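1. no sequence for this one, just the structure:
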């Protein structure tokens, strides 16, 4: 069965070529590497830090309250000196275990205190370890909603609750995506539609439902968590998928070796992402707990890539 | 009087259409894709379509629960826009306590009628018949084991909320958005998403795993 699925995915990659320009425009600084690749330090940051661009960070599966979360929190804060991101996307599993008042403090407010104090907003999505009542927690900016959208400049984010993809949520997405006038439409959710993780893998049910909408309505990039590592996938039907679920927990060596889907995998340490969207380009850097950049690159919106 | 009757008919036909919009789960329902006219006739003759009647009853019971919850919630001090985590937790606990108190005599089946429970069982059985072994394993990945549901019990916050497959959710009768179907061991629970209270359940629905 696994072989059949892999074969099908491989065929998909061969047969359904991404729109012209999409692949070649991805100028990743790190070459495609197998899972568990050793981190390398780039000669310089690839983020242009342009005035007026949309700058944000991505963290996932954070809420342990453990040492590693605090270390990533420290790095995330330090990164603002060279890259003043305005907000942070949280990929879910915001609080593991207890969900009481002290848990919010220990597993969120304290590790990111300096960032919160600087006025940076966090936009959370719900993971399978999260109490749905987290949506009322002010600092998660969910406005009491399990699924919601928000816009920053040319970018509209669609935050989905993949732990419970109810028909009501699907109705909302079917309505909200086509209505969006943003150049960039970026959904994010806890469960990855595509993943090379041995523990969980791709969420096929979810993919069956939402991928046609993503394709139909010009989605270019999707972020997810759940898998406790970082993975950048080769474009799937022209869409770029990133999994960042290793910002506090690590499932070491869990990326399937030789997965045809992996463009870059990193499962030997915790990490977080910095992203900058400037006009039609999206720049990204993924940084390990050591402070080293383990992946970076730039990609172009499909619509633009196709007309080049 | 005529207007009242017409309004009542509209409401009933709307309820039936809404309930039937659950899709394939209406395997037991004779007219899963009924248009409003058909649905209205079914509502007028409940004896001829007991499944549709049960679905309407289910929606009414769900609505009654949501109304109760709203009433109790309004009695509590409203959350300020700057509420911190302590206020949020305290309010959630108070709401759960109030609901538990108001429903202290509630028992299994009070919200999910027997016929609807049967429909849910069939939909899940059908889903699992067609699901590949890997996908079945994935469903059970984080389902809490060795636990038996009880009305008014709070799902422990240390337990992960196992994801109910989205394609299956499409085939179950719709719920108001703050109520959710969740798996617990082999059982299906109807969970209040805001308080993590189990408001109803159906035993031994999932296949042994």
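-> Perfect, I can see it now. If you're wondering where the values come from, they're calculated on a predicted model, not measured in any experiment.
2. what mean pLDDT does stretch A:219-235 have?
-> Stretch A:219-235 carries an average pLDDT of 97.
3. Ok, stretch A:247-267 next?
-> The average pLDDT within stretch A:247-267 is 95.
4. So it, near chain B or not?
-> No. With C-beta under 8 Å from any C-beta of the partner chain as the criterion, chain B is not reached by stretch A:247-267; the gap is at least 13.0 Å. All C-beta atoms are positioned from the backbone trio N, CA, C, and that covers glycine.
5. okay, which residue is most central for chain A?
-> With distances taken as C-alpha atoms, centre = their mean, residue A:223 lies nearest the centre of chain A, 2.8 Å away.
6. wait, isn't that residue in contact with residue A:193?
-> No. Using C-beta atoms under 8 Å as the test, residue A:223 is too far from residue A:193 to be in contact (10.8 Å).
7. shared neighbours of those two, which are they?
-> Shared contacts of residue A:223 and residue A:193, defined by C-beta atoms under 8 Å, 6 or more residues apart in numbering or on different chains, are found at residue A:241.
8. hang on, the earlier thing: say whether chain B is contacted by the host helix or strand of the residue nearest to the centre of chain A.
-> Per DSSP states H and E: residue A:223 is located in strand A:221-224. No. Remark: strand A:221-224 sits outside contact range of chain B, by C-beta under 8 Å from any C-beta, the gap being at least 13.0 Å.
9. who touches that strand?
-> So strand A:221-224 is in contact with A:58, A:60, A:89, A:91, A:162, A:184, A:186-193, A:195, A:214, A:239-245, A:282, A:299, going by C-beta under 8 Å, 6+ apart.
10. Could you tell me which residues of the stretch 101-250 of chain A lie near chain B?
-> Counting by C-beta under 8 Å from any C-beta, the residues of the stretch 101-250 of chain A near chain B are A:101, A:103-105, A:109, A:128-133, A:136-138, A:146, A:162-170, A:191, A:200-201, A:204-206, A:208-209.
11. among the residues you listed, which are in helices?
-> Using DSSP state H, the members of those that fall within helices are A:101, A:103-104, A:167-170, A:204-206, A:208-209.
12. And the residues you listed, which two are furthest apart?
-> A:101 and A:208 (38.9 Å; C-beta to C-beta).
13. quick one: residue A:193 and residue B:181, what's the gap?
-> For residue A:193, the distance to residue B:181 equals 22 Å [C-beta to C-beta, to the nearest Å].
14. got it, and residue A:275?
-> 35 Å.
15. and if you look at residue A:237?
-> For residue A:237, the distance to residue B:181 - C-beta to C-beta - is 30 Å.
16. same deal with residue B:144?
-> If you measure residue B:144 against residue B:181 using C-beta to C-beta, the figure is 15 Å.
17. So if I had to pick from those two, which one is more boxed in?
-> residue B:181 (21 against 18; other C-beta atoms under 10 Å in any protein chain shown).
18. just the strands in the stretch 201-308 of chain A please.
-> A:221-224, A:230-233, A:240-244, A:262-266, A:271-278, A:281-288, A:293-300 (DSSP state E, counting those that start in this stretch).
19. Counting by contacts, list what the fifth one packs against.
-> Read it as strand A:271-278. strand A:54-59, helix A:67-82, strand A:240-244, strand A:281-288 (3 or more C-beta pairs under 8 Å, 6 or more residues apart in numbering or on different chains; DSSP states H and E).
20. Mean neighbour count, these: which tops it?
-> strand A:240-244 (a mean of 26; mean count of other C-beta atoms under 10 Å in any protein chain shown).
21. Pull up the pairing partners for it, direction included.
-> The strands beside strand A:240-244 in its sheet (DSSP bridges) come out as strand A:221-224 (parallel), strand A:230-233 (antiparallel).
22. Stretch B:195-209 spans what distance, first to last residue?
-> Counting by C-alpha to C-alpha, to the nearest Å, you get 29 Å between the two ends of stretch B:195-209.
23. Is residue B:120 within a helix or a strand, and which one?
-> Going by DSSP H and E, residue B:120 is in helix B:114-130.
24. Tell me, how many residues neighbour residue A:218?
-> Residue A:218 has 17 neighbouring residues, counting by other C-beta under 10 Å.
25. how close does it get to chain B?
-> 22 Å (C-beta to the nearest C-beta, to the nearest Å).
26. In contact with that residue, which residues are there?
-> A:185, A:302-303 are the contacts of residue A:218 under C-beta under 8 Å, 6+ apart.
27. ok, so of those, who is nearest chain B?
-> residue A:185 (20.0 Å; C-beta to the nearest C-beta).
28. so where's chain A uncertain?
-> A:1-44, A:308 (pLDDT under 70).
29. again, 50 this time
-> A:1-26, A:29-43 (pLDDT under 50).
30. related to what we said a few turns ago, so can I have JSON lines of the helices and strands packed on strand A:271-278 showing distance to residue B:125?
-> JSON lines is the format used below for the helices and strands packed on strand A:271-278 (distance: least, C-beta to C-beta, whole Å):
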{"stretch": "strand A:54-59", "distance to residue B:125": "40"}
{"stretch": "helix A:67-82", "distance to residue B:125": "42"}
{"stretch": "strand A:240-244", "distance to residue B:125": "33"}
{"stretch": "strand A:281-288", "distance to residue B:125": "44"}
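31. Many thanks, have a good one.
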